[in-house]
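Q: Here is the input, now give the coordinates:
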Amino acid sequence: MATSLYSASVPVFLQLLEGLKTVLKKAEEHATAQKWDAGVVLNMRLFPDMFPLERQVRQVCTHCLGAGRVAGVDLPKLPDEDKSFSEIYSRLDKTIDFLKGLKANQIDGKDDAELTVPMGGQPRQFKGQNYLLHFAMLQVGFHTTTAYNLIRTVGVPLSKRDYLGPMPS
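A: Modelled structure (predicted):
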């Protein structure tokens with residue numbers, strides 16, 4: 001059986017989002033135990049020219065919503081900044097709920113569908129499959145890994161299993 005565009009993207013996005021949520025909850029618990037200011041934690045960066053933790057999470061959600069772009073449905077409106085762990089969890093939950101509402105028949109067969117995606121203020125053209133598998137998927141992996149690494153660098157005890165999230169059955 002061939003892998004469909006839906007099954008190659010949406011379940012993977014959901015798995016990584018759940019893993020990221022686990023990682024962030026452990027970060028919040030650790031920050032609370034250490035009496036760290038949550039705002040400081042959410043603004044941590046690996047390097048000055050990289051996005052802070054809050055923006056890394058936002059980027060993960062934005063690129064996961066790319067499945068909805070391919071489906072041709074309206075994307076949920078999410079704020080441009082999250083200032084607390086509860087706001088980040090809300091963003092993750094809204095993204096997860098949105099993805100769970102997508103059906104395979106909304107995405108499958110749209111491999112060659114033309115998409116216009118704004119990037120850096122400029123429109124960029126993609127075909128559905130190339131966008132999901134060669135852009136959005138890679139962005140989700142990059143920003144999820146970067147968020148994990150940010151949290152790991154301050155001593156939060158995490159494992160690869162936390163990052164990977166629950167595998168679909």
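Q: quick one: low-confidence parts of this structure?
A: 1 (pLDDT under 70).
Q: if you set the cut-off to 80 instead, what comes out?
A: 1-2, 169 (pLDDT under 80).
Q: Just checking the distance from the top helix by length along the chain to the centre of its chain.
A: Secondary structure of the chain per DSSP state H: the longest helix is helix 5-34. With Cα atoms, centre = their mean, to the nearest Å as the basis, helix 5-34 stands 8 Å off its chain's centre.
Q: helices or strands up against that helix?
A: helix 38-42, helix 53-64, helix 66-71, helix 85-101, helix 104-107, helix 137-153, helix 160-164 (3 or more Cβ pairs under 8 Å, 6 or more residues apart in numbering; DSSP states H and E). Just so you know, the C-beta spots here come from the backbone N, C-alpha and C atoms, and that holds for glycine as well.
Q: Quick check: the residue nearest the centre of the chain vs Ala113, distance?
A: Central residue of the chain (Cα atoms, centre = their mean): Val60, 2.3 Å from the mean position. According to Cβ to Cβ, to the nearest Å, Val60 stands 23 Å off from Ala113.
Q: for Tyr148, same thing?
A: 32 Å.
Q: The two: which is more packed in?
A: Applying other Cβ atoms under 10 Å to Tyr148 and Ala113 shows that Tyr148 carries more neighbours, namely 21 against 17.
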